[in-house]
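In: no sequence for this one, just the structure:
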């Protein structure tokens, strides 16, 4: 079931992020920082919104998103991750659907997301193409030399 | 002469931003916030770097830039503005050159900048094309309906 997380879910969100093979230590720390901002200041003030999918009390995936400043109705999808031990249950797609619905409810018109062009992100890129996102741009060597930025959008 | 600004330059930087015809009130406030972060925490800690061009003690233009988190060597050019009363003196180009050199000195490889697709930003977009930037993407209706995001890059 998908819900807004409570503070006890933090360690499990951290564990899922750290347990994926794709995120760097710096990226795991970034998710931790957004989570702390969310806990301390709340979504509206921090600009960071989270949703989790739970199997009983166990968090099996999460998504983090928020409004882009200086825009009206554009949201960033910052992070989405599923417990690597239980992939392929449609959890990612359910989280994405729920996130899009929540963004619509907040008045969102457009979702922008950034991901990597590295080969190990190919399943991620295919996932976004399969869920209605448009590949808008590839910025060469953005993250590091040889690691491009890929930008996707979806108009709601 | 181009230099790192001191705290007395803040009101003039604000006045230049507010005096241009293109920036919204929200955008002027955003520059003010970055300036406050810069003053309070310094460039390295805040991630915001400023340069100003001065004619004696009068600030005639400024640029604000900083490293993009989760990258190595990619910098955002956040803001560049010239006193609207004294345009066409090559101030914008000198500030951009100085900013690029400063980014190189910080180990930067790539500059990313975002601007608007509105007609009144056409001189801005032409300026970037004339100074070696590549138009990478146009995200439709990003800022508002009818106001696209245009992304430029330059590899240093």
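Out: That came through fine. Everything quoted here is computed from the prediction, not taken from an experiment.

In: Chain A against chain B: which residues are in contact?
Out: For chain A, the residues found near chain B under the criterion CB under 8 Å from any CB of the partner chain are A:24, A:26-27, A:30, A:69-74, A:109-110, A:112, A:136-137, A:139-145, A:151, A:153, A:155. Every C-beta, even on glycine, is put in place using the N, C-alpha and C of the backbone.

In: Which among those residues count as buried?
Out: A:27, A:30, A:70-74, A:109-110, A:112, A:136-137, A:139, A:141-144, A:151, A:153 (16 or more other CB atoms under 10 Å in any protein chain shown).

In: Next step: the residues you listed restricted to strands.
Out: Among these, the members found in strands (DSSP state E) are A:74, A:110, A:112, A:136, A:137, A:139, A:141, A:142, A:143, A:144, A:151, A:153.

In: biggest helix in chain A, by residue count?
Out: Scanning chain A for the helix with the most residues, using DSSP state H, yields helix A:25-46.

In: what's next to it, contact-wise?
Out: Under the criterion CB atoms under 8 Å, 6 or more residues apart in numbering or on different chains, residues A:7, A:10, A:13-14, A:17-18, A:23, A:48-50, A:64, A:66, A:78-79, B:69-70 lie in contact with helix A:25-46.

In: ok, back up a step: tell me which of the ones in strands among the buried ones among the residues of chain A next to chain B is nearest to chain B?
Out: residue A:137 (3.3 Å; CB to the nearest CB).

In: so the closest one touches residue B:136, yeah?
Out: Yes - assessed by CB atoms under 8 Å, residue A:137 is found in contact with residue B:136 at 5.0 Å.

In: hey, what's in contact with both of those two?
Out: Residues touching both residue A:137 and residue B:136 (CB under 8 Å, 6+ apart): residue B:151.

In: which stretch of helix or strand covers the residue minimising distance to the centre of chain A?
Out: By CA atoms, centre = their mean, chain A has its centre lying nearest to residue A:79, at 2.2 Å. Using DSSP states H and E, residue A:79 sits within strand A:74-82.

In: follow-up on the earlier one: can you tell me which two in the ones in strands among the buried ones among the residues of chain A next to chain B are farthest apart?
Out: Maximum pairwise distance among these (CB to CB): 28.0 Å, between A:110 and A:144.

In: Show me the shaky parts of chain A.
Out: A:87 (pLDDT under 70).

In: Neighbours of the residue lying closest to residue A:54 once chain neighbours are set aside, how many?
Out: In space, and not counting its chain neighbours, residue A:54 is closest to residue A:1: 5.8 Å by CB to CB, 6 or more residues apart in numbering or on different chains. Residue A:1 has 8 neighbours, counted by other CB atoms under 10 Å in any protein chain shown.

In: can you check residue A:14 too?
Out: 16.

In: Can I take it that it is in a helix?
Out: Yes - Residue A:14 forms part of a helix when assessed by DSSP: H, G, I helix; E, B strand; the rest coil.

In: got a list of what it touches?
Out: A:28, A:31, A:32, A:35.

In: Can you give me the distance of the second one to residue B:34?
Out: The spacing between residue A:31 and residue B:34, counted by CB to CB, to the nearest Å, is 24 Å.

In: Could you do the last one as well?
Out: Residue A:35 sits 25 Å away from residue B:34, taking CB to CB as the criterion.

In: if you count what's nearby, which of those two comes out ahead?
Out: In terms of neighbours (other CB under 10 Å), residue A:35 is the more surrounded of residue A:35 and residue B:34; the figures are 24 against 20.

In: hang on, isn't the residue nearest to the centre of chain A packed against residue A:20?
Out: No - assessed by CB under 8 Å, residue A:79 is found out of contact with residue A:20, at 10.2 Å.

In: residue contacts, the nearest residue to the residue nearest to the centre of chain A once chain neighbours are set aside?
Out: Nearest residue to residue A:79, sequence neighbours excluded (CB to CB, 6+ apart): residue A:64, at 4.4 Å. Residue A:64 makes contact with A:31, A:34, A:35, A:38, A:48, A:49, A:50, A:77, A:78, A:79, A:80, according to CB under 8 Å, 6+ apart.

In: for residue A:125, what are its contacts?
Out: A:115, A:117, A:135, A:150, A:152.

In: Can you tell me the SS state at it?
Out: From three-state DSSP, the assignment for residue A:125 is helix.

In: gap between it and residue B:9?
Out: Per CB to CB, residue A:125 is found 45 Å from residue B:9.

In: Run through the bridge partners of residue A:152.
Out: residue A:113, residue A:135 (DSSP bridges).
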